[in-house]
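Undergrad: coords below, sequence missing:
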Ligand SMILES: Nc1ncnc2c1ncn2[C@@H]1O[C@H](COP(=O)(O)OP(=O)(O)O)[C@@H](O)[C@H]1O
Ligand SMILES: [Mg+2]
């Protein structure tokens, strides 16, 4: 009897993605399987559904469940979810009319909670963080990349600048510009592409600007004060934090990892030769044990404040985000970006906790009788 009662009240989480012509749905299937397994262990019904199939005026929705025993997916008609976990894979998918419709209808529905409705844009993140004194101190000077004159002005203030596409990820399209005075070719541009990175030298700002606009093509870019990152064995590193809401619906740092840059890379991404390290270890190697502990505390504190401010700025309900943070050579902490569709953390303890938190927070959301006003 108890089992039945429990069954009847079992909270339902739908993982939202997009449909696919040959395999029903797209997205990171192994992540979906991990979510379904974790959800099941914690007493949830979890299924995958697509923007096209999530029609809230129907009582039931086409969903896909996974059986670990038979290692197979089953298409079924399932009850509407209490919580929708948005894993629409790309910005391009998110723009599709059916995805816009699905996201909006979930946000409007009185009994369904969807968090993280949209991808972040690198420029608006900084606009939101500038607004609060508690977060302003962690952000490097950031502007939209508009004119050569603006770039020249920033190069006078900061000898090294990062240029990043507003909608970029995994290091794609990132450039680094620098000015080295008293040289024949004082302007330097390092471009990162799939083969690695290479540096070009220019005699004039005009020539540098021509190359930048050509490389940026039609993408919108931000230009940002470059931070001289602390390094271990001459390799710069940065911190990657996972911040999620917990069972009380409060922001909490789930885990911190460190990423050490690959040789000749201007970023720390693992697919670009970067490697995963223990944050304490890399920080201790640069700063010694006492200072390292303080830096970690500072980074966690900053991440907490930043998550709150980003949620406020976005005006939407958020439940998780990953953050990239740099540590400069003096131990100062800098925010580089946040991602509203965090990639899986490979550190096993962070991974396990991150999966559990999704459901602890979903439980919190499904216990709320109705949507509070505002968020
Ligand atoms: N302002 C900066 N100063 C120094 N390094 C930076 C700066 N911005 C980015 N980086 C380096 O480049 C990496 C990628 O930048 P990020 O903003 O996270 O873009 P992406 O979306 O491509 O991951 C960071 O993790 C960091 O190593
Ligand atoms: Mg990043």
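TA: Thanks, I have the structure now. Note that the structure is a prediction, hence the values are computed from the model and not measured. Ligands and ions are numbered 1, 2, ... in the order given.

Undergrad: Could I get the contacting residues of the closest residue to residue 14 other than its chain neighbours?
TA: Distances taken as CB to CB, 6 or more residues apart in numbering put residue 81 closest to residue 14, at 3.7 Å, once the chain neighbours are dropped. The way it works is simple: take the backbone N, C-alpha and C, and place the C-beta from them, glycine included. Contact analysis of residue 81 by CB atoms under 8 Å, 6 or more residues apart in numbering lists 12, 13, 14, 47, 49, 61, 112.

Undergrad: before we move on, what about residue 79?
TA: Counting by CB under 8 Å, 6+ apart, residue 79 has contacts 12, 45, 59, 60, 61.

Undergrad: And the residue of the stretch 1-150 of the chain closest to ligand 1?
TA: Using CB to the nearest ligand atom, the closest approach of the stretch 1-150 of the chain to ligand 1 is made by residue 140 at 4.7 Å.

Undergrad: number of nearby residues for that residue?
TA: In terms of burial, residue 140 registers 17 neighbours under the definition other CB atoms under 10 Å.

Undergrad: in what helix or strand does it lie?
TA: Using DSSP states H and E, residue 140 sits in no helix or strand.

Undergrad: Show the pLDDT at the closest residue to ligand 2 within the stretch 251-375 of the chain.
TA: The stretch 251-375 of the chain approaches ligand 2 most closely through residue 324 (4.2 Å), counting by CB to the ion. Residue 324 carries a pLDDT value of 97.

Undergrad: Surely it is within a helix?
TA: No: going by DSSP: H, G, I helix; E, B strand; the rest coil, the assignment for residue 324 is strand, not a helix.

Undergrad: For it, which non-adjacent residue is spatially closest?
TA: residue 336 (4.2 Å).

Undergrad: show me what contacts the one you found?
TA: 140, 238, 323, 324, 325, 326.

Undergrad: Just give me the closest of the residues you listed to residue 258.
TA: residue 238 (7.2 Å; CB to CB).

Undergrad: returning to what we had before: Serialize the contacts of residue 81 to JSON lines and add fields for secondary structure, distance to ligand 1 and pLDDT.
TA: What follows is these, written out as JSON lines (DSSP: H, G, I helix; E, B strand; the rest coil; distance: CB to the nearest ligand atom, whole Å; pLDDT from 0 to 100):
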{"residue": "12", "secondary structure": "strand", "distance to ligand 1": "33", "pLDDT": "97"}
{"residue": "13", "secondary structure": "strand", "distance to ligand 1": "27", "pLDDT": "98"}
{"residue": "14", "secondary structure": "strand", "distance to ligand 1": "27", "pLDDT": "98"}
{"residue": "47", "secondary structure": "strand", "distance to ligand 1": "30", "pLDDT": "98"}
{"residue": "49", "secondary structure": "strand", "distance to ligand 1": "28", "pLDDT": "98"}
{"residue": "61", "secondary structure": "strand", "distance to ligand 1": "33", "pLDDT": "96"}
{"residue": "112", "secondary structure": "coil", "distance to ligand 1": "30", "pLDDT": "96"}
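
Undergrad: still on that earlier bit, what about the residue of the stretch 251-375 of the chain closest to ligand 2, neighbour count?
TA: Counted with other CB under 10 Å, residue 324 comes out at 18.

Undergrad: same check, this time on residue 259
TA: Look at residue 259: counted by other CB under 10 Å, it has 21 neighbours.

Undergrad: That one belongs to a strand?
TA: Yes: under three-state DSSP, residue 259 sits within a strand.

Undergrad: For it, list each beta-bridge partner.
TA: Listed beta-bridge partners, residue 259: residue 238, residue 276 (assigned using DSSP bridges).

Undergrad: Could you tell me how far it is located from residue 272?
TA: Using CB to CB, to the nearest Å, we find residue 259 at a distance of 10 Å from residue 272.

Undergrad: Around ligand 1, which positions in the stretch 51-200 of the chain sit nearby?
TA: 140, 162, 164, 168, 169, 170, 171, 174 (CB under 6 Å from any ligand atom).

Undergrad: now check stretch 191-208, is it near ligand 2?
TA: No: counting by CB under 5 Å from the ion, ligand 2 has no neighbours in stretch 191-208; the shortest distance is 12.4 Å.

Undergrad: chain center to the longest helix belonging to the chain, what's the gap?
TA: Using DSSP state H to define each element, the chain has its longest helix at helix 289-314. Relative to its chain's centre, helix 289-314 lies at 15 Å (CA atoms, centre = their mean, to the nearest Å).

Undergrad: now the residue positioned nearest the centre of the chain, nearest residue through space, not along the chain?
TA: Nearest to the mean C-alpha position of the chain, by CA atoms, centre = their mean, lies residue 339 at 1.6 Å. Ranked by CB to CB, 6+ apart and with sequence neighbours excluded, the top spatial neighbour of residue 339 is residue 322, at 4.8 Å.

Undergrad: Could you give the number of residues near that neighbour?
TA: 23.

Undergrad: Same check on residue 35?
TA: By other CB under 10 Å, neighbour count at residue 35 equals 22.

Undergrad: Now do the SS call for it.
TA: Recorded secondary structure, residue 35: helix (three-state DSSP).

Undergrad: Go ahead and confirm it touches residue 46.
TA: Yes: with contacts counted by CB atoms under 8 Å, residue 35 reaches residue 46, the gap being 6.0 Å.

Undergrad: Show me where this structure has its helices.
TA: 2-8, 29-41, 91-95, 97-108, 122-130, 133-136, 148-157, 205-216, 279-287, 289-314, 348-367.

Undergrad: Nice, that's everything, thank you.
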